[in-house]
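**Q** For reference, the sequence and a predicted model appear below.
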Protein chains: 2
Amino acid sequence: MLQQLRSYITKEQLFTAADPLLLAVSGGLDSIVLTHLCVQAGIKVEMAHCNFQLRGAESERDETFVRTLAESYGIPLFVRRFDTETYAAAHKRSIQVAARELRYQWLEELRQERGLSFIATAHHMQDNVETVWMNLSKGTGIAGLHGILPVQGRIVRPLLFATREEIKAYADAENLQHVEDSSNTTDKYTRNFFRHQVLPRLEEVLPEVVKNTGSSIERFREAEILYRQAVEIHKKKLIEQRGEEYFIPILKLQQAVPLATIAYEILKPFQCSTAQAAQVVELLNSEPGKWIATATHRIVRDRKWLIITPLEATASTHFIIEEAQHLVQLPDMLLKLEQLAREGFTVPATASIACLDLQQVQFPLILRRWKKGDYFYPLGMAKKKKLSRFFIDQKLSLPEKEKVWVLESHKRIIWVAGMRIDDRFKITDKTRKILKLELA
Amino acid sequence: MLQQLRSYITKEQLFTAADPLLLAVSGGLDSIVLTHLCVQAGIKVEMAHCNFQLRGAESERDETFVRTLAESYGIPLFVRRFDTETYAAAHKRSIQVAARELRYQWLEELRQERGLSFIATAHHMQDNVETVWMNLSKGTGIAGLHGILPVQGRIVRPLLFATREEIKAYADAENLQHVEDSSNTTDKYTRNFFRHQVLPRLEEVLPEVVKNTGSSIERFREAEILYRQAVEIHKKKLIEQRGEEYFIPILKLQQAVPLATIAYEILKPFQCSTAQAAQVVELLNSEPGKWIATATHRIVRDRKWLIITPLEATASTHFIIEEAQHLVQLPDMLLKLEQLAREGFTVPATASIACLDLQQVQFPLILRRWKKGDYFYPLGMAKKKKLSRFFIDQKLSLPEKEKVWVLESHKRIIWVAGMRIDDRFKITDKTRKILKLELA
């Protein structure tokens, strides 16, 4: 086992003999064995124990057990007691997520404070196999198949090569004491289902299932590296940065193979989900001018290009419209302006067209995105209304809201574009000339 | 369902409206639904039914059922009865493998005979998910994750998008009759274990497990394409063909990332297993001269190169050379023979040319690859020397050694071709006529 540990450390280049480690020790079987192995291997270690205070006397028992253990080895031990429930409530986390966040935050602080190279956790092959089977059951891309990584930033997992049975056998042979591992409470339901229901059942029929999946995971990890290499090559060919915007040539992208995955990988940095990436692929076959908005970006299908613009870039845009102007090209649409005689004019019943009393309007107009604090007098109402409130009534989604333009005349909103005009600018009996506005 | 089928055919480019299909119809639920869907979609089809005669009356019942079905649709039907057990015994196959071989062989013959474009089978999403879970449990690389492919040569699987429940619901809605699907007997033990024990248990806890895994499989399929693209780029950089041999620069290979997978992919075409590829990686850090033999090739670690040589190239060949002969065409070179007068002749200082005392030579000569036990008297030495020993002094690599030709006169080696003549045949003061040999 010691030899296997050494080989694994070398093979995965986890750390060198000069690197001191911070061992995360719960007191459970796995962490006890990892501690013992590190001591046997002459690796310089310090110990850290998290007391999440979630299991009353059992939590205290574990802490005491680890304290005694550290003393017997003569290894420095650091213990932190967390008020996990308060943290979880304050940060709206599940207890499991809260415990994990607290644990890794503190371990990293402690590592830096103590000048140690890495944090070591005692995850083993079964943990890894469970993770991959869980990911597959829940749906995943190739990244969900690498499982628990041997190195992840400052965290190393030197026991990933070992099965639970091998760890147990080592503990028995070395006569090591342990307490029940509190990490069994993480991801509780699904993981324990795989641990106690699925894998044992599989092992009855396929005794080597853990080792087989374990070695497959190593292969997937390498396959993912190759996958990333190919993705990078496609990215370089397909995306071009110009200032804050990114341009993707549509013809070239259409010819890329495999299209769905390449589109997803290229758009992912712009907060594009798998579903949205599929929509973008559909956009390729649609007319210019259509677009998809992510949380941070707008992906517009132009004539020859997909153009990716940060949302904040469009937020601050103002268009000044002089009286002589009849056309304004916006990033996502076109505004047409027309002055017409009142006589014989019928107001079209389309939200995309607004008809106002030209006399009330003062040029130049300003066309801009709406902002917090904006208000207007919605047509038919005598009272002013905040736009934020108006949007709630209109049941706009957040991305829809972000896309709303307003047209201003002398600091008063005359039209919430495509939605409602301001009552003060409506056509009345006194109106002689009409300003017709149309979005296209 | 019909709409989904059409979308899937388009998305996966399975076939066009002009392509007539050969439907493999067992009479089970899946193939009955596929048939019905194809008829509804106006796809031109013919039907094929295999009677493996493995289940007695039940096999007959299925055949009759499919005959009645084909008649009711007015679709041409072809039925073949197989003596599966005899075939399995004769070819040392399991019944399952025998049935699959017989089935696909006959379907392909029939497809060609009938001038049809594709064979269509009714595999669905559960079949696919079962396959991937089985592969993962047994250990696999990324290729084991693409599952059952929608297109594979001349076979298409238009129902892969559908779950068993959707197929069942369609059959119920359309009031379609079916018999129990005999394909349930394939891969019997493990597959049925996953089908009846594992997946239903998973579905209790994760109701979407089949759809989740199903959509993951589609992503893996694309990930594999990207993986192959990256592998090809590495291959191009790392392997160079020279005649029948392949050369891999050791330094470059050592720097390749991820090494294990790249080595495996590069060596796989030479019948190298995963385990052997790992041994080759170890070879990189060992001394020159060591090698791994696969079923077809030898992979030799030379000084700067891994050299891959086909095994059959080293097989024994003999050429008999009569006195009158002036030219011998060897597989890898040309030997010229010339008889010249001693007077005014200067011996060229080129290893590719040998000049001997013609009087000492006895025809016919034999040209052959050297073999173990061969010895000669190297020019300038009074003692005989084993060729194996001589090659070590000359620092020949193993593939270089394997290519050495020797020229024999009356069972004595007169020339180690291209390297050194035998001292007993050298030109002396007594020489009157010269035998000049030249390799080109």
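**A** Looks like it came in fine. Bear in mind that the values here come from a model prediction, so they are computed numbers and not experimental data.

**Q** What ranges does the stretch 151-300 of chain A have for its helices?
**A** In chain order, the stretch 151-300 of chain A shows helices spanning A:164-173, A:188-193, A:199-205, A:209-238, A:250-255, A:259-267, A:274-283, with DSSP state H, counting those that start in this stretch as the criterion.

**Q** Show me the domain layout of chain A.
**A** Dividing chain A into domains by automatic domain parsing, as the record does, gives the ranges A:2-220, A:239-312, A:318-439.

**Q** Quick check: bridge partners of residue A:247?
**A** When bridges are called by DSSP bridges, residue A:247 pairs up with residue A:240, residue A:307.

**Q** Touching, it and residue A:253? I think so.
**A** No - with contact defined as Cβ atoms under 8 Å, residue A:247 does not reach residue A:253; the gap is 10.7 Å. Where you see a C-beta, it was placed from the backbone N, CA and C, and this is true even at glycine.

**Q** between these two, who's got more neighbours?
**A** Regarding residue A:247 and residue A:253, a neighbour count based on other Cβ atoms under 10 Å in any protein chain shown identifies residue A:253 as having more, with 21 against 16.

**Q** which ones are touching the more buried one?
**A** With contacts defined as Cβ atoms under 8 Å, 6 or more residues apart in numbering or on different chains, residue A:253 is in contact with A:238, A:259, A:262-263, A:266, A:284, A:306.

**Q** which residues of the stretch 151-300 of chain A score low on pLDDT?
**A** For the stretch 151-300 of chain A, residues meeting the criterion pLDDT under 70 lie at A:181-188.

**Q** and with 80 instead?
**A** Judged by pLDDT under 80, the stretch 151-300 of chain A has its weakly predicted residues at A:180-189, A:243, A:289.

**Q** on that earlier part again, among the contacts of residue A:253, who's most crowded?
**A** In terms of neighbours by other Cβ under 10 Å, the contacts of residue A:253 top out with residue A:263 at 27 neighbours.

**Q** Could you measure from that one over to residue B:224?
**A** When distance is defined by Cβ to Cβ, to the nearest Å, residue A:263 is 17 Å away from residue B:224.

**Q** tell me which parts of the stretch 201-350 of chain A are close to chain B?
**A** Residues of the stretch 201-350 of chain A lying close to chain B (Cβ under 8 Å from any Cβ of the partner chain) are A:201-202, A:205-206, A:208-209, A:211-213, A:215-216, A:219-227, A:229-231, A:233-234, A:257-258, A:260-262.

**Q** quick revisit: so what sits against both of residue A:247 and residue A:253?
**A** Taking Cβ under 8 Å, 6+ apart as the criterion, residue A:247 and residue A:253 both touch residue A:306.

**Q** Pick the most deeply packed of the helices of the stretch 151-300 of chain A.
**A** helix A:259-267 (a mean of 23; mean count of other Cβ atoms under 10 Å in any protein chain shown).

**Q** so how far is it from its chain's centroid?
**A** 16 Å (Cα atoms, centre = their mean, to the nearest Å).

**Q** list the helices and strands that helix packs on?
**A** helix A:209-238, helix A:250-255, helix A:274-283, helix B:209-238 (3 or more Cβ pairs under 8 Å, 6 or more residues apart in numbering or on different chains; DSSP states H and E).

**Q** can you rerun that using 7 Å?
**A** Helix A:259-267 is packed against helix A:209-238, helix A:274-283, helix B:209-238, with contacts defined by 3 or more Cβ pairs under 7 Å, 6 or more residues apart in numbering or on different chains; DSSP states H and E.
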